[in-house]
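Engineer: coordinates only, sequence not included:
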């Protein structure tokens with residue numbers, strides 16, 4: 001029955017001398033095996049050996065004692081070629097399985113990578129689209145990212161949600177920026193109109209009549225679109241009335257207060273020849289309904305175009321300079337009194353100084369002397385005095401132009417910190 005096993009060619013038992021005791025050898029092969037045994041091909045020791053029997057082929061022979069230390073040896077022979085065939089077959093199956101597993105792993109890896117890479121590719125593409133988006137409305141491709149956010153519950157979904165939130169926040173920012181820009185443009189437009197209106201309130205032509213050789217010129221540059229400085233002049237027969245003022249603060253509130261103060265000065269100054277009385281009455285008007293935290297410094301003067309007599313009153317303003325033809329400077333610092341708009345009971349005194357033909361009277365606001373350069377240095381009165389002394393023979397316009405250029409050169413690119421105003425009169429007979 002053993003011989004019927006596939007690949008089994010023989011099985012027999014020998015003693016220590018090699019004599020067959022029991023065998024399962026096909027009858028037709030018995031003589032061949034006897035000769036092989038006699039030839040000593042079948043060893044009696046425990047071992048595995050490959051035996052070639054002429055006429056029968058090659059066998060894998062396994063020899064082993066029935067029991068340890070037993071002299072009785074069992075010999076079993078299997079067809080060597082059949083074993084090799086089975087081994088090769090097993091190897092081929094193993095290699096095929098490995099190849100199939102490799103192909104399957106590649107397929108699954110590809111599917112896994114695609115599952116990760118496609119969302120990342122979509123997010124990358126969406127980022128590129130967002131860089132060219134106006135953010136006025138959601139991008140047309142946002143639905144792709146929304147699907148990722150809804151269907152992916154891993155880091156990809158979290159990233160997609162963050163992209164949508166980012167786009168929403170940018171859209172809100174753009175909308176706020178549009179509204180802010182529109183409001184800013186509207187304010188800038190209104191300020192430009194206010195600037196033009198304010199400039200229109202100031203005298204732009206400096207002709208004071210053909211009956212006099214006296215000339216006047218003025219300049220005003222606000223630190224903002226509109227400012228609180230003022231200048232004005234008007235003829236009253238033989239008198240040239242003029243004023244320079246500086247309202248506390250800057251911007252629209254100061255500009256409005258400036259307009260009110262200028263109107264009062266011109267209106268009241270037209271009724272009286274006394275500068276002190278003019279400022280007293282103007283102060284009473286300004287303190288009636290105005291906020292006491294807003295005030296104005298004023299120099300108000302009246303120059304007799306026939307005699308050169310200069311009457312003036314000062315309400316807390318910078319002392320103006322009289323520049324003699326000799327180059328002598330006279331600072332009109334006498335009697336500087338309280339600013340306008342603080343105390344309704346304040347009274348102002350009129351002072352007098354005589355101008356000679358060719359003398360200048362230069363009035364300015366503190367924005368000139370307090371102009372700051374990049375090193376945080378102020379222009380100062382000493383620089384101003386040097387320029388005024390050097391312009392003794394110049395016209396009124398020449399003096400203003402020279403001081404203006406000097407301040408601009410001193411400040412460079414530094415923005416004005418305060419309104420800058422100056423007025424010059426050259427008296428001539």
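Structural biologist: Perfect, I can see it now. Keep in mind that this is a model prediction, so the values were computed, not measured. Residues are numbered from 1 along each chain as shown.

Engineer: now the strands: where do they sit in the stretch 51-200 of the chain?
Structural biologist: Taking DSSP state E, counting those that start in this stretch as the test, the strands found in the stretch 51-200 of the chain are 57-65, 73-79.

Engineer: which of the residues in the longest one are buried?
Structural biologist: Right, the one you point to is strand 57-65. 58-61, 63 (16 or more other Cβ atoms under 10 Å). In this view, the C-beta of every residue, glycine as well, is placed from N, C-alpha and C.

Engineer: Just want the angle from it to strand 73-79.
Structural biologist: Strand 57-65 and strand 73-79 meet at an angle of 150 degrees, taking axes from the mean of the first three to the mean of the last three Cα atoms, to 10 degrees as the criterion.

Engineer: who's in contact with strand 57-65?
Structural biologist: For strand 57-65, the external contacting residues (Cβ atoms under 8 Å, 6 or more residues apart in numbering) are 9-10, 42-53, 71-81, 83.

Engineer: Name the next helix or strand downstream of the helix or strand encompassing residue 256, please.
Structural biologist: Taking DSSP states H and E as the criterion, residue 256 maps to helix 252-269. Sequence order places helix 275-289 as the next helix or strand after helix 252-269, per DSSP H and E.

Engineer: Identify all contacting residues around that following helix.
Structural biologist: By Cβ under 8 Å, 6+ apart, helix 275-289 touches 260-261, 264-265, 268-269, 272, 296, 298, 300-302, 311-313, 315, 340-344, 346-350.

Engineer: Now do the helices in this structure.
Structural biologist: 30-38, 80-131, 142-151, 155-201, 252-269, 275-289, 366-369, 380-390, 396-411 (DSSP state H).

Engineer: out of these, which comes closest to residue 323?
Structural biologist: helix 380-390 (5.1 Å; Cβ to Cβ).

Engineer: quick one on the thing from earlier: the contacts of strand 57-65, buried ones only, as a PyMOL selection?
Structural biologist: Buried members of those can be picked out in PyMOL with the line below, counting by 16+ other Cβ under 10 Å:
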select buried, resi 9+10+42+44+51+53+73+74+75+76+77+78+79+80
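
Engineer: ok, back up a step: can you flag the buried ones in the contacts of helix 275-289?
Structural biologist: 260-261, 264-265, 268-269, 296, 298, 300-302, 311-313, 315, 340-342, 346, 348-350.

Engineer: what's the closest of the buried residues of strand 57-65 to residue 172?
Structural biologist: Taking Cβ to Cβ as the measure, residue 60 is the one of the buried residues of strand 57-65 closest to residue 172, at 84.1 Å.

Engineer: Against residue 48, how distant is that closest one?
Structural biologist: As judged by Cβ to Cβ, to the nearest Å, residue 60 and residue 48 stand 7 Å apart.

Engineer: Equivalent analysis for residue 132, please.
Structural biologist: Residue 132 sits 78 Å away from residue 48, going by Cβ to Cβ.

Engineer: where does residue 80 land on pLDDT?
Structural biologist: Predicted confidence (pLDDT) at residue 80: the value is 84.

Engineer: beta partners for the nearest residue to it once chain neighbours are set aside?
Structural biologist: Among residues not flanking residue 80 along the chain, residue 58 sits closest, at 4.2 Å (Cβ to Cβ, 6 or more residues apart in numbering). With DSSP bridges applied, residue 58 shows beta-bridge pairing to residue 52.

Engineer: any idea how far residue 33 is from residue 58?
Structural biologist: Note on residue 58: its distance to residue 33, by Cβ to Cβ, is 14 Å.

Engineer: In contact with residue 423, which residues are there?
Structural biologist: So residue 423 contacts 216-219, 231, 233, 242, 244, 362-364, 400 (Cβ under 8 Å, 6+ apart).

Engineer: Among these, which one has the most neighbours?
Structural biologist: residue 364 (29 neighbours; other Cβ atoms under 10 Å).
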